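Novice: how would this look folded up:
(one chain, ligands or ions: 1)
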Amino acid sequence: MSVSAELELLAKVPGKLLIGGEWVDGETGGTIRVHDPSNGRVIKEIADATPADGIRALDAAVAAQSSWAATPPRVRGELLRKAFDLLIERREEFALLMTLEMGKPLAEARGEVNYGAEFLRWFSEEAVRVTGRYGLNPEGTGRIVVSQHPVGPTYLVTPWNFPLAMATRKIAPAIAAGCTSVIKPATLTPLTTLAFAALLEEVGVPAGVVNVVTSSSASRLSAPIVADPRLRKLSFTGSTEVGVQLMQQAAQNVLRVSMELGGNAPFVVFEDADLDKAVEGAMLAKFRNIGQACTAANRFIVHESVAAAFTAKVQERIAAFKVGRGTEEGVNIGPLVDANQVNATNELVQDALAKGAKAVLGGAPIAGDGTFYAPTLLTEVTPDARLLREEIFGPVLAVTTFSTEDEAVALANGTEYGLVSYVFTEDLARGHRMIDRLETGMMGLNTGLVSNAAAPFGGVKQSGVGREGSFEGIEEYLYTKYSLIPV
Ligand code: NAD
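Specialist: Prediction:
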(Lines give C-alpha, C1' and ligand atoms only; values in the text may rest on other atoms or scores of the structure.)
Protein backbone atom coordinates (compact mmCIF):
# COMPACT_ATOMS: atom_id res chain seq x y z
CA MET A 1 0.00 0.00 0.00
CA SER A 2 1.57 3.32 -1.01
CA VAL A 3 1.84 6.24 1.38
CA SER A 4 -0.05 8.44 -1.07
CA ALA A 5 -2.96 5.97 -1.17
CA GLU A 6 -3.11 6.10 2.62
CA LEU A 7 -3.04 9.90 2.68
CA GLU A 8 -5.70 10.12 -0.01
CA LEU A 9 -7.97 7.80 1.96
CA LEU A 10 -7.44 9.70 5.22
CA ALA A 11 -8.14 13.02 3.50
CA LYS A 12 -11.56 11.71 2.41
CA VAL A 13 -12.70 10.88 5.96
CA PRO A 14 -14.83 13.70 7.37
CA GLY A 15 -13.02 14.98 10.45
CA LYS A 16 -16.09 16.67 11.92
CA LEU A 17 -19.17 15.90 13.96
CA LEU A 18 -22.31 14.81 12.12
CA ILE A 19 -25.29 16.60 13.63
CA GLY A 20 -28.67 16.80 11.91
CA GLY A 21 -27.16 16.08 8.51
CA GLU A 22 -24.42 18.74 8.78
CA TRP A 23 -20.72 18.08 9.28
CA VAL A 24 -19.71 20.64 11.88
CA ASP A 25 -16.84 21.57 14.18
CA GLY A 26 -17.35 21.33 17.92
CA GLU A 27 -18.41 24.56 19.65
CA THR A 28 -14.87 25.26 20.94
CA GLY A 29 -13.09 24.21 17.73
CA GLY A 30 -10.97 21.74 19.73
CA THR A 31 -9.52 18.67 18.05
CA ILE A 32 -8.49 15.11 18.84
CA ARG A 33 -5.40 13.54 17.26
CA VAL A 34 -5.77 10.04 15.89
CA HIS A 35 -2.60 7.93 15.74
CA ASP A 36 -1.28 5.00 13.74
CA PRO A 37 -0.26 2.58 16.50
CA SER A 38 2.35 0.90 14.29
CA ASN A 39 4.56 4.00 14.29
CA GLY A 40 2.96 6.55 16.62
CA ARG A 41 2.34 9.08 13.82
CA VAL A 42 -0.69 11.38 13.87
CA ILE A 43 -2.85 10.39 10.90
CA LYS A 44 -5.75 12.83 11.32
CA GLU A 45 -7.14 15.53 13.58
CA ILE A 46 -10.85 15.47 14.13
CA ALA A 47 -13.42 17.55 15.98
CA ASP A 48 -13.66 17.25 19.76
CA ALA A 49 -17.29 17.51 20.88
CA THR A 50 -18.24 19.28 24.10
CA PRO A 51 -21.22 18.21 26.24
CA ALA A 52 -23.27 20.96 24.52
CA ASP A 53 -22.40 19.46 21.11
CA GLY A 54 -23.57 16.09 22.44
CA ILE A 55 -26.92 17.59 23.43
CA ARG A 56 -27.21 19.22 19.99
CA ALA A 57 -26.72 15.79 18.45
CA LEU A 58 -29.46 14.43 20.70
CA ASP A 59 -31.71 17.36 19.68
CA ALA A 60 -31.22 16.28 16.05
CA ALA A 61 -32.01 12.65 16.84
CA VAL A 62 -35.13 13.67 18.78
CA ALA A 63 -36.27 15.95 15.95
CA ALA A 64 -35.93 13.17 13.36
CA GLN A 65 -37.50 10.41 15.50
CA SER A 66 -41.19 10.65 14.62
CA SER A 67 -40.76 10.95 10.84
CA TRP A 68 -38.19 8.15 10.88
CA ALA A 69 -40.51 5.88 12.88
CA ALA A 70 -43.23 6.63 10.29
CA THR A 71 -40.96 5.77 7.35
CA PRO A 72 -42.13 2.49 5.80
CA PRO A 73 -40.12 -0.51 6.99
CA ARG A 74 -39.39 -1.46 3.38
CA VAL A 75 -37.77 1.94 2.80
CA ARG A 76 -35.63 1.54 5.94
CA GLY A 77 -34.69 -1.98 4.89
CA GLU A 78 -33.71 -0.91 1.40
CA LEU A 79 -31.48 1.87 2.72
CA LEU A 80 -29.68 -0.74 4.81
CA ARG A 81 -29.36 -3.02 1.81
CA LYS A 82 -27.85 -0.17 -0.25
CA ALA A 83 -25.45 0.53 2.58
CA PHE A 84 -24.46 -3.16 2.60
CA ASP A 85 -23.75 -3.12 -1.14
CA LEU A 86 -21.72 0.08 -0.97
CA LEU A 87 -19.74 -1.04 2.05
CA ILE A 88 -18.78 -4.28 0.29
CA GLU A 89 -17.84 -2.30 -2.81
CA ARG A 90 -15.56 -0.15 -0.62
CA ARG A 91 -14.17 -3.07 1.38
CA GLU A 92 -10.55 -2.18 0.65
CA GLU A 93 -10.95 1.43 1.78
CA PHE A 94 -12.68 0.54 5.02
CA ALA A 95 -10.22 -2.26 5.73
CA LEU A 96 -7.24 0.04 5.24
CA LEU A 97 -8.79 2.74 7.40
CA MET A 98 -9.25 0.28 10.28
CA THR A 99 -5.69 -0.99 9.90
CA LEU A 100 -4.37 2.56 9.98
CA GLU A 101 -6.23 3.70 13.08
CA MET A 102 -6.35 0.46 15.04
CA GLY A 103 -3.45 -1.68 13.82
CA LYS A 104 -5.05 -5.01 12.89
CA PRO A 105 -3.61 -6.85 9.86
CA LEU A 106 -5.33 -5.94 6.58
CA ALA A 107 -6.60 -9.49 6.04
CA GLU A 108 -8.42 -9.33 9.38
CA ALA A 109 -9.70 -5.84 8.64
CA ARG A 110 -11.22 -7.17 5.40
CA GLY A 111 -12.85 -9.91 7.46
CA GLU A 112 -14.28 -7.26 9.76
CA VAL A 113 -15.75 -5.36 6.81
CA ASN A 114 -17.51 -8.56 5.73
CA TYR A 115 -18.73 -9.27 9.26
CA GLY A 116 -19.76 -5.67 9.90
CA ALA A 117 -21.58 -5.45 6.56
CA GLU A 118 -23.58 -8.59 7.36
CA PHE A 119 -25.45 -6.70 10.09
CA LEU A 120 -26.65 -4.28 7.42
CA ARG A 121 -27.86 -7.14 5.23
CA TRP A 122 -29.42 -9.08 8.12
CA PHE A 123 -31.32 -6.10 9.51
CA SER A 124 -32.35 -4.94 6.03
CA GLU A 125 -34.24 -8.24 6.00
CA GLU A 126 -35.51 -7.95 9.58
CA ALA A 127 -36.88 -4.42 9.09
CA VAL A 128 -39.96 -5.83 7.34
CA ARG A 129 -40.50 -8.73 9.76
CA VAL A 130 -41.54 -6.86 12.89
CA THR A 131 -44.88 -8.37 13.81
CA GLY A 132 -47.33 -8.56 16.70
CA ARG A 133 -50.17 -10.79 17.99
CA TYR A 134 -53.93 -10.70 17.97
CA GLY A 135 -56.06 -12.88 20.23
CA LEU A 136 -59.19 -13.29 22.32
CA ASN A 137 -58.86 -12.83 26.07
CA PRO A 138 -59.74 -15.92 28.17
CA GLU A 139 -63.00 -14.28 29.34
CA GLY A 140 -64.10 -13.89 25.72
CA THR A 141 -64.84 -10.23 26.31
CA GLY A 142 -62.04 -8.55 24.41
CA ARG A 143 -59.36 -8.75 21.78
CA ILE A 144 -55.74 -8.55 22.88
CA VAL A 145 -53.62 -6.73 20.32
CA VAL A 146 -49.86 -6.82 20.80
CA SER A 147 -47.77 -4.48 18.66
CA GLN A 148 -44.09 -3.50 18.47
CA HIS A 149 -42.85 0.09 18.27
CA PRO A 150 -39.48 1.82 17.96
CA VAL A 151 -38.20 2.59 21.42
CA GLY A 152 -37.11 6.11 20.40
CA PRO A 153 -33.84 8.06 20.25
CA THR A 154 -30.84 5.94 21.19
CA TYR A 155 -27.28 6.59 22.36
CA LEU A 156 -24.76 4.10 20.99
CA VAL A 157 -21.27 3.88 22.48
CA THR A 158 -18.65 1.65 20.86
CA PRO A 159 -15.11 0.42 21.67
CA TRP A 160 -11.89 0.69 19.65
CA ASN A 161 -11.21 -2.97 18.96
CA PHE A 162 -13.72 -3.54 16.13
CA PRO A 163 -14.30 -0.01 14.84
CA LEU A 164 -16.73 -0.97 12.08
CA ALA A 165 -18.57 -4.07 13.28
CA MET A 166 -19.36 -2.72 16.75
CA ALA A 167 -20.96 0.30 15.06
CA THR A 168 -22.99 -1.56 12.42
CA ARG A 169 -24.16 -4.13 15.02
CA LYS A 170 -25.97 -1.24 16.76
CA ILE A 171 -26.76 1.22 13.96
CA ALA A 172 -28.33 -1.38 11.65
CA PRO A 173 -30.97 -2.68 14.07
CA ALA A 174 -31.70 0.89 15.25
CA ILE A 175 -32.34 1.97 11.65
CA ALA A 176 -34.39 -1.17 10.93
CA ALA A 177 -36.55 -0.68 14.01
CA GLY A 178 -37.20 3.01 13.24
CA CYS A 179 -34.98 4.53 15.93
CA THR A 180 -32.74 7.54 15.46
CA SER A 181 -29.36 7.58 17.16
CA VAL A 182 -26.37 9.47 18.41
CA ILE A 183 -23.26 7.33 18.10
CA LYS A 184 -20.05 7.92 19.98
CA PRO A 185 -17.13 5.87 18.68
CA ALA A 186 -14.04 5.22 20.79
CA THR A 187 -11.63 8.14 21.02
CA LEU A 188 -8.74 6.01 19.74
CA THR A 189 -10.49 4.81 16.55
CA PRO A 190 -13.20 7.27 15.45
CA LEU A 191 -12.36 7.45 11.72
CA THR A 192 -14.13 4.27 10.60
CA THR A 193 -17.42 5.37 12.17
CA LEU A 194 -17.13 8.82 10.59
CA ALA A 195 -16.49 7.25 7.17
CA PHE A 196 -19.40 4.86 7.70
CA ALA A 197 -21.74 7.70 8.65
CA ALA A 198 -20.75 9.46 5.41
CA LEU A 199 -21.61 6.26 3.54
CA LEU A 200 -25.05 6.16 5.20
CA GLU A 201 -25.61 9.76 4.10
CA GLU A 202 -24.58 8.84 0.57
CA VAL A 203 -27.13 6.03 0.30
CA GLY A 204 -29.86 8.39 1.48
CA VAL A 205 -30.34 7.90 5.22
CA PRO A 206 -32.14 11.16 6.13
CA ALA A 207 -30.56 13.96 8.17
CA GLY A 208 -30.72 13.44 11.93
CA VAL A 209 -31.33 9.68 11.79
CA VAL A 210 -27.68 8.90 12.58
CA ASN A 211 -25.58 11.54 14.33
CA VAL A 212 -21.92 11.12 15.27
CA VAL A 213 -20.02 12.78 18.09
CA THR A 214 -16.34 12.21 18.81
CA SER A 215 -14.82 13.36 22.06
CA SER A 216 -11.64 13.32 24.10
CA SER A 217 -13.74 13.02 27.25
CA ALA A 218 -16.27 10.25 26.91
CA SER A 219 -17.64 10.61 30.42
CA ARG A 220 -18.20 14.41 30.21
CA LEU A 221 -19.89 14.05 26.83
CA SER A 222 -22.03 11.06 27.77
CA ALA A 223 -23.33 12.05 31.21
CA PRO A 224 -25.79 14.78 30.04
CA ILE A 225 -26.96 12.68 27.09
CA VAL A 226 -27.70 9.70 29.34
CA ALA A 227 -29.40 11.99 31.86
CA ASP A 228 -31.64 13.61 29.23
CA PRO A 229 -35.24 12.37 29.57
CA ARG A 230 -35.70 12.48 25.78
CA LEU A 231 -33.20 9.62 25.38
CA ARG A 232 -34.93 6.23 25.41
CA LYS A 233 -32.17 3.70 25.03
CA LEU A 234 -28.47 3.26 25.72
CA SER A 235 -26.51 0.56 23.94
CA PHE A 236 -22.92 0.20 25.06
CA THR A 237 -20.05 -2.06 24.06
CA GLY A 238 -16.89 -1.81 26.11
CA SER A 239 -15.40 -2.71 29.44
CA THR A 240 -17.45 -4.00 32.36
CA GLU A 241 -16.09 -1.17 34.52
CA VAL A 242 -17.49 1.57 32.26
CA GLY A 243 -20.65 -0.47 31.60
CA VAL A 244 -21.41 -0.53 35.33
CA GLN A 245 -20.99 3.26 35.57
CA LEU A 246 -23.30 3.81 32.61
CA MET A 247 -25.92 1.43 34.02
CA GLN A 248 -25.88 3.41 37.26
CA GLN A 249 -26.38 6.66 35.33
CA ALA A 250 -29.07 5.07 33.15
CA ALA A 251 -30.96 3.89 36.23
CA GLN A 252 -31.87 7.51 37.09
CA ASN A 253 -34.28 7.64 34.13
CA VAL A 254 -34.99 3.89 34.06
CA LEU A 255 -33.41 3.93 30.63
CA ARG A 256 -33.45 0.75 28.61
CA VAL A 257 -29.92 -0.58 28.26
CA SER A 258 -28.02 -3.15 26.23
CA MET A 259 -24.57 -3.94 27.54
CA GLU A 260 -21.92 -5.90 25.65
CA LEU A 261 -19.10 -6.01 28.17
CA GLY A 262 -15.81 -7.72 28.93
CA GLY A 263 -15.02 -11.40 28.67
CA ASN A 264 -12.63 -13.97 30.12
CA ALA A 265 -13.25 -16.87 27.77
CA PRO A 266 -12.18 -20.36 28.78
CA PHE A 267 -10.76 -22.57 26.02
CA VAL A 268 -11.16 -26.14 27.20
CA VAL A 269 -9.31 -28.95 25.43
CA PHE A 270 -10.43 -32.42 26.52
CA GLU A 271 -8.29 -35.54 26.23
CA ASP A 272 -10.49 -36.76 23.37
CA ALA A 273 -10.13 -33.55 21.32
CA ASP A 274 -8.81 -33.45 17.79
CA LEU A 275 -5.65 -31.53 18.66
CA ASP A 276 -5.12 -30.09 15.20
CA LYS A 277 -8.63 -28.66 15.29
CA ALA A 278 -7.96 -27.32 18.78
CA VAL A 279 -4.74 -25.64 17.66
CA GLU A 280 -6.48 -24.07 14.65
CA GLY A 281 -9.23 -22.84 16.98
CA ALA A 282 -6.69 -21.54 19.47
CA MET A 283 -4.93 -19.44 16.84
CA LEU A 284 -8.21 -17.78 15.89
CA ALA A 285 -9.67 -17.46 19.37
CA LYS A 286 -6.47 -16.07 20.85
CA PHE A 287 -4.57 -14.14 18.19
CA ARG A 288 -7.33 -12.64 16.04
CA ASN A 289 -7.24 -8.86 16.50
CA ILE A 290 -3.86 -9.26 18.24
CA GLY A 291 -5.69 -10.77 21.20
CA GLN A 292 -7.79 -7.62 21.67
CA ALA A 293 -11.26 -9.13 21.44
CA CYS A 294 -13.95 -9.54 24.07
CA THR A 295 -14.29 -13.06 22.66
CA ALA A 296 -10.54 -13.76 22.92
CA ALA A 297 -9.69 -17.03 24.64
CA ASN A 298 -8.19 -15.90 27.92
CA ARG A 299 -7.62 -19.17 29.79
CA PHE A 300 -6.43 -22.33 28.05
CA ILE A 301 -7.64 -25.18 30.24
CA VAL A 302 -6.05 -28.29 28.76
CA HIS A 303 -6.33 -31.91 29.93
CA GLU A 304 -3.04 -32.95 31.55
CA SER A 305 -2.61 -35.90 29.18
CA VAL A 306 -2.57 -33.70 26.05
CA ALA A 307 -1.13 -30.46 27.46
CA ALA A 308 2.44 -31.14 26.28
CA ALA A 309 1.34 -32.07 22.75
CA PHE A 310 -1.05 -29.10 22.52
CA THR A 311 1.60 -26.69 23.80
CA ALA A 312 4.23 -27.98 21.35
CA LYS A 313 1.86 -27.49 18.43
CA VAL A 314 0.82 -23.96 19.42
CA GLN A 315 4.46 -23.08 20.09
CA GLU A 316 5.35 -24.00 16.52
CA ARG A 317 2.53 -21.84 15.17
CA ILE A 318 3.28 -18.83 17.39
CA ALA A 319 7.00 -18.96 16.59
CA ALA A 320 6.11 -18.64 12.90
CA PHE A 321 4.05 -15.44 13.35
CA LYS A 322 5.14 -12.38 11.44
CA VAL A 323 4.88 -9.23 13.56
CA GLY A 324 4.65 -5.86 11.81
CA ARG A 325 2.50 -3.04 10.48
CA GLY A 326 -0.87 -4.43 9.46
CA THR A 327 -0.46 -3.15 5.91
CA GLU A 328 2.59 -5.37 5.27
CA GLU A 329 2.12 -8.60 3.37
CA GLY A 330 1.83 -11.71 5.54
CA VAL A 331 1.69 -9.93 8.92
CA ASN A 332 -0.30 -11.89 11.54
CA ILE A 333 0.36 -9.72 14.57
CA GLY A 334 0.06 -5.93 14.37
CA PRO A 335 0.65 -3.42 17.17
CA LEU A 336 -1.55 -3.16 20.25
CA VAL A 337 -3.80 -0.12 20.08
CA ASP A 338 -1.68 2.07 22.38
CA ALA A 339 1.00 2.15 25.06
CA ASN A 340 -1.61 1.66 27.83
CA GLN A 341 -2.58 -1.63 26.26
CA VAL A 342 1.08 -2.71 26.06
CA ASN A 343 1.63 -1.83 29.72
CA ALA A 344 -1.56 -3.58 30.85
CA THR A 345 -0.61 -6.74 28.93
CA ASN A 346 2.93 -6.69 30.24
CA GLU A 347 1.80 -6.22 33.84
CA LEU A 348 -0.32 -9.37 33.63
CA VAL A 349 2.53 -11.34 32.05
CA GLN A 350 5.09 -10.18 34.63
CA ASP A 351 2.68 -11.03 37.43
CA ALA A 352 2.22 -14.58 36.06
CA LEU A 353 5.99 -15.02 35.64
CA ALA A 354 6.68 -13.77 39.17
CA LYS A 355 4.20 -16.35 40.48
CA GLY A 356 5.92 -19.26 38.74
CA ALA A 357 4.73 -19.38 35.09
CA LYS A 358 7.28 -20.11 32.35
CA ALA A 359 7.58 -17.97 29.20
CA VAL A 360 8.12 -20.47 26.39
CA LEU A 361 7.94 -17.64 23.83
CA GLY A 362 7.85 -13.83 24.13
CA GLY A 363 6.99 -12.22 27.44
CA ALA A 364 7.90 -8.58 26.76
CA PRO A 365 7.06 -5.50 24.66
CA ILE A 366 9.00 -4.99 21.42
CA ALA A 367 11.09 -1.80 21.50
CA GLY A 368 10.50 0.80 18.76
CA ASP A 369 8.09 3.54 17.69
CA GLY A 370 5.04 1.27 17.46
CA THR A 371 3.18 -0.32 20.37
CA PHE A 372 4.06 -3.96 19.67
CA TYR A 373 4.04 -6.84 22.14
CA ALA A 374 5.85 -10.09 21.39
CA PRO A 375 3.49 -13.05 20.81
CA THR A 376 3.76 -14.92 24.08
CA LEU A 377 3.25 -18.50 25.25
CA LEU A 378 3.12 -19.11 29.00
CA THR A 379 2.97 -22.55 30.62
CA GLU A 380 2.64 -23.72 34.22
CA VAL A 381 0.48 -20.71 35.02
CA THR A 382 -0.38 -20.85 38.72
CA PRO A 383 -3.98 -20.44 39.94
CA ASP A 384 -3.20 -17.13 41.66
CA ALA A 385 -2.01 -15.44 38.44
CA ARG A 386 -4.05 -12.31 37.69
CA LEU A 387 -4.34 -13.16 33.99
CA LEU A 388 -6.61 -16.08 34.86
CA ARG A 389 -9.14 -13.64 36.32
CA GLU A 390 -8.61 -10.50 34.22
CA GLU A 391 -8.99 -9.90 30.49
CA ILE A 392 -5.52 -10.07 28.89
CA PHE A 393 -6.30 -8.12 25.68
CA GLY A 394 -2.96 -8.93 24.08
CA PRO A 395 -1.21 -11.76 22.18
CA VAL A 396 -0.60 -13.93 25.25
CA LEU A 397 -1.60 -17.59 25.39
CA ALA A 398 -1.53 -18.99 28.93
CA VAL A 399 -1.94 -22.71 29.59
CA THR A 400 -3.22 -24.41 32.76
CA THR A 401 -4.17 -28.08 33.11
CA PHE A 402 -6.98 -30.19 34.59
CA SER A 403 -7.64 -33.88 35.15
CA THR A 404 -11.44 -34.40 35.40
CA GLU A 405 -14.47 -33.02 33.57
CA ASP A 406 -15.86 -31.57 36.80
CA GLU A 407 -12.59 -29.76 37.41
CA ALA A 408 -12.64 -28.33 33.86
CA VAL A 409 -16.19 -27.05 34.39
CA ALA A 410 -15.30 -25.50 37.75
CA LEU A 411 -12.27 -23.76 36.25
CA ALA A 412 -14.20 -22.56 33.20
CA ASN A 413 -17.03 -21.16 35.34
CA GLY A 414 -14.72 -19.70 37.98
CA THR A 415 -15.00 -16.12 36.75
CA GLU A 416 -17.48 -13.26 37.08
CA TYR A 417 -17.57 -13.07 33.26
CA GLY A 418 -19.65 -15.26 30.93
CA LEU A 419 -19.39 -14.08 27.33
CA VAL A 420 -18.11 -17.02 25.31
CA SER A 421 -16.54 -20.44 25.94
CA TYR A 422 -14.65 -22.70 23.58
CA VAL A 423 -14.73 -26.46 24.04
CA PHE A 424 -12.82 -29.06 22.06
CA THR A 425 -13.98 -32.68 22.31
CA GLU A 426 -14.82 -35.38 19.79
CA ASP A 427 -17.42 -36.82 22.20
CA LEU A 428 -20.78 -35.39 21.15
CA ALA A 429 -22.47 -36.28 24.46
CA ARG A 430 -19.73 -34.44 26.36
CA GLY A 431 -20.17 -31.47 24.02
CA HIS A 432 -23.87 -31.35 24.90
CA ARG A 433 -23.08 -31.64 28.61
CA MET A 434 -20.78 -28.63 28.26
CA ILE A 435 -23.54 -26.61 26.59
CA ASP A 436 -25.65 -27.32 29.68
CA ARG A 437 -22.96 -26.82 32.29
CA LEU A 438 -20.95 -23.79 31.18
CA GLU A 439 -22.16 -20.37 32.34
CA THR A 440 -21.77 -18.57 29.06
CA GLY A 441 -23.79 -16.54 26.58
CA MET A 442 -22.11 -18.21 23.60
CA MET A 443 -20.20 -21.39 22.98
CA GLY A 444 -17.88 -22.59 20.23
CA LEU A 445 -17.86 -26.39 20.11
CA ASN A 446 -14.72 -27.38 18.18
CA THR A 447 -14.37 -23.90 16.71
CA GLY A 448 -12.51 -20.77 17.74
CA LEU A 449 -14.83 -18.23 16.14
CA VAL A 450 -18.55 -17.82 16.89
CA SER A 451 -19.47 -14.33 15.63
CA ASN A 452 -22.22 -14.27 13.02
CA ALA A 453 -24.80 -11.59 12.22
CA ALA A 454 -27.55 -14.26 12.23
CA ALA A 455 -26.70 -15.41 15.78
CA PRO A 456 -27.53 -13.69 19.09
CA PHE A 457 -24.25 -12.27 20.42
CA GLY A 458 -24.02 -11.47 24.12
CA GLY A 459 -23.06 -12.56 27.58
CA VAL A 460 -24.29 -13.63 31.00
CA LYS A 461 -22.99 -12.63 34.44
CA GLN A 462 -20.83 -9.48 34.22
CA SER A 463 -20.38 -9.85 30.46
CA GLY A 464 -23.58 -7.98 29.83
CA VAL A 465 -27.30 -7.83 29.23
CA GLY A 466 -29.12 -8.07 25.92
CA ARG A 467 -28.15 -9.56 22.58
CA GLU A 468 -26.92 -8.14 19.29
CA GLY A 469 -27.55 -9.68 15.89
CA SER A 470 -30.17 -12.27 14.94
CA PHE A 471 -33.88 -11.87 15.77
CA GLU A 472 -33.06 -10.72 19.29
CA GLY A 473 -30.96 -7.84 17.93
CA ILE A 474 -33.89 -5.79 16.64
CA GLU A 475 -35.99 -6.44 19.76
CA GLU A 476 -33.48 -4.37 21.73
CA TYR A 477 -34.76 -1.33 19.79
CA LEU A 478 -38.49 -2.09 20.04
CA TYR A 479 -40.97 -1.92 22.86
CA THR A 480 -44.08 -4.03 23.20
CA LYS A 481 -47.50 -2.41 23.45
CA TYR A 482 -50.65 -4.28 24.44
CA SER A 483 -54.06 -2.86 23.58
CA LEU A 484 -57.42 -4.24 24.71
CA ILE A 485 -60.40 -3.95 22.39
CA PRO A 486 -63.69 -5.05 24.00
CA VAL A 487 -65.89 -7.17 21.72
P1 NAD B 1 -13.98 1.17 27.32
O2 NAD B 1 -15.03 0.71 28.26
O3 NAD B 1 -12.80 1.87 27.88
O4 NAD B 1 -14.60 2.17 26.25
C5 NAD B 1 -15.71 1.81 25.45
C6 NAD B 1 -16.38 3.08 24.98
O7 NAD B 1 -16.89 3.79 26.11
C8 NAD B 1 -15.47 4.05 24.24
O9 NAD B 1 -16.23 4.71 23.25
C10 NAD B 1 -15.07 5.03 25.33
O11 NAD B 1 -14.70 6.28 24.82
C12 NAD B 1 -16.36 5.10 26.13
N13 NAD B 1 -16.19 5.46 27.54
C14 NAD B 1 -15.11 5.25 28.33
N15 NAD B 1 -15.35 5.72 29.57
C16 NAD B 1 -16.61 6.22 29.56
C17 NAD B 1 -17.44 6.84 30.55
N18 NAD B 1 -17.02 7.01 31.80
N19 NAD B 1 -18.68 7.21 30.17
C20 NAD B 1 -19.13 7.02 28.92
N21 NAD B 1 -18.39 6.45 27.95
C22 NAD B 1 -17.15 6.06 28.27
O23 NAD B 1 -13.58 -0.11 26.47
P24 NAD B 1 -12.50 -0.20 25.32
O25 NAD B 1 -11.15 -0.19 25.97
O26 NAD B 1 -12.79 0.76 24.23
O27 NAD B 1 -12.82 -1.65 24.72
C28 NAD B 1 -12.34 -2.80 25.28
C29 NAD B 1 -13.39 -3.45 26.16
O30 NAD B 1 -14.57 -3.66 25.41
C31 NAD B 1 -12.97 -4.83 26.63
O32 NAD B 1 -13.34 -5.00 27.98
C33 NAD B 1 -13.78 -5.77 25.73
O34 NAD B 1 -14.01 -7.04 26.28
C35 NAD B 1 -15.03 -5.00 25.56
N36 NAD B 1 -15.73 -5.43 24.34
C37 NAD B 1 -16.89 -6.12 24.50
C38 NAD B 1 -17.56 -6.58 23.37
C39 NAD B 1 -18.84 -7.38 23.50
O40 NAD B 1 -19.54 -7.48 22.50
N41 NAD B 1 -19.16 -7.93 24.65
C42 NAD B 1 -17.07 -6.29 22.09
C43 NAD B 1 -15.88 -5.58 21.98
C44 NAD B 1 -15.24 -5.13 23.12
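Novice: contact residues of the stretch 151-300 of the chain facing the ligand?
Specialist: Remark: the part of the stretch 151-300 of the chain in contact with the ligand comprises 157-162, 166, 184, 186-187, 218-219, 222, 237-239, 242, 245-246, 260-263, 294, using CB under 6 Å from any ligand atom. The C-beta positions use only the backbone N, C-alpha and C, and glycine is treated the same way.
Novice: what residues of stretch 125-134 count as buried?
Specialist: Buried residues in stretch 125-134, counting neighbours by 16 or more other CB atoms under 10 Å, are found at 126, 127, 130.
Novice: ok, the closest residue in space to residue 164 that isn't next to it in sequence to residue 457 distance?
Specialist: For residue 164, ignoring the flanking residues on the chain, the nearest one in space by CB to CB, 6 or more residues apart in numbering is residue 116 at 4.0 Å. Here the criterion is CB to CB, to the nearest Å. By it, residue 116 lies 13 Å from residue 457.
Novice: hey, what's in contact with both of the two?
Specialist: residue 169 (CB atoms under 8 Å, 6 or more residues apart in numbering).
Novice: the helices in the stretch 301-450 of the chain, which residues?
Specialist: In order along the chain, the stretch 301-450 of the chain carries the following helices (DSSP state H, counting those that start in this stretch): 307-319, 339-354, 405-413, 428-437.
Novice: which outside residues touch the second one?
Specialist: Yep, that's helix 339-354 we're talking about. The set of residues that contact helix 339-354 without belonging to it, under CB under 8 Å, 6+ apart, is 291-292, 336, 359, 363-365, 371-373, 376, 378, 381-382, 385-387, 390, 392-396, 398.
Novice: hmm, back to that, now, which of the buried residues of stretch 125-134 sits nearest the ligand?
Specialist: The shortest distance between the ligand and any of the buried residues of stretch 125-134, using CB to the nearest ligand atom, involves residue 126 and amounts to 19.1 Å.
Novice: and the closest one, how far from residue 459?
Specialist: Distance from residue 126 to residue 459, counting by CB to CB: 22 Å.
Novice: likewise for residue 382?
Specialist: When distances are taken as CB to CB, residue 382 and residue 459 turn out to be 27 Å apart.
Novice: these two: who's more crowded?
Specialist: Per other CB atoms under 10 Å, whichever of residue 382 and residue 459 has more neighbours is residue 459, with 27 against 12.
Novice: show me which residues of the stretch 351-487 of the chain sit near the ligand.
Specialist: By the rule CB under 6 Å from any ligand atom, the part of the stretch 351-487 of the chain lying against the ligand is 391, 419, 459, 464.
Novice: ok, and the most crowded of those?
Specialist: Each of these was scored by neighbour count (other CB under 10 Å); the top score is that of residue 419, with 29 neighbours.
Novice: for it, what are its contacts?
Specialist: Contacts for residue 419 were tallied using CB under 8 Å, 6+ apart; they are 261-265, 294-295, 440-442, 458-459, 463-464.
Novice: let's see that with 6 Å instead.
Specialist: When the contact criterion is CB atoms under 6 Å, 6 or more residues apart in numbering, the partners of residue 419 are 263, 294, 441, 459, 463.
Novice: show me the residues you listed that map onto strands.
Specialist: Secondary structure from DSSP state E places none of the contacts of residue 419 in strands.
Novice: can I get those residues in a markdown table with pLDDT and distance to residue 70?
Specialist: Formatted as a markdown table, the entries for those read as follows, by pLDDT from 0 to 100; distance: CB to CB, whole Å:
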| residue | pLDDT | distance to residue 70 |
| --- | --- | --- |
| 263 | 97 | 39 |
| 294 | 97 | 36 |
| 441 | 98 | 35 |
| 459 | 98 | 35 |
| 463 | 98 | 36 |
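Novice: farthest-separated two in these?
Specialist: Farthest apart among the contacts of residue 419 by CB to CB are 294 and 441. That separation is 10.7 Å.
Novice: between those two, which is the more surrounded one?
Specialist: residue 294 (28 against 22).
Novice: and stretch 409-417, how far from the chain's centre?
Specialist: Remark: stretch 409-417 is offset 22 Å from the chain centroid, using CA atoms, centre = their mean, to the nearest Å.
Novice: what residues are up against the residue in the chain that the ligand sits nearest to?
Specialist: Among the residues of the chain, residue 238 lies nearest to the ligand; the distance is 2.6 Å by CB to the nearest ligand atom. The neighbours of residue 238, taking CB under 6 Å, 6+ apart as the test, are residue 159.
Novice: just the pLDDT for it.
Specialist: Per-residue confidence (pLDDT) for residue 238: 98.
Novice: can you give the domain ranges for the protein?
Specialist: What the record gives for the chain is the domain set 3-261+463-486, 265-453, from automatic domain parsing.
Novice: where does pLDDT dip in the protein?
Specialist: Low-confidence segments of the chain, defined by pLDDT under 70, are located at 1.
Novice: one more pass at 50, please.
Specialist: Across the chain, nothing is flagged by pLDDT under 50.
Novice: host element of the residue most central in space within the chain?
Specialist: Taking CA atoms, centre = their mean as the criterion, residue 166 is the residue nearest the geometric centre of the chain, at 4.4 Å. With secondary structure defined by DSSP states H and E, residue 166 is part of helix 165-177.
Novice: for that helix, buried residues please.
Specialist: For helix 165-177, the buried set under the neighbour-count rule, 16+ other CB under 10 Å, comprises 165-177.
Novice: residues touching the residue nearest to residue 164, list them.
Specialist: For residue 116, the residues meeting the contact criterion (CB under 6 Å, 6+ apart) are 164, 165, 168.
Novice: can you redo those residues as JSON lines with distance to residue 343?
Specialist: Output for the contacts of residue 116, formatted as JSON lines (distance: CB to CB, whole Å):
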{"residue": "164", "distance to residue 343": "27"}
{"residue": "165", "distance to residue 343": "26"}
{"residue": "168", "distance to residue 343": "31"}
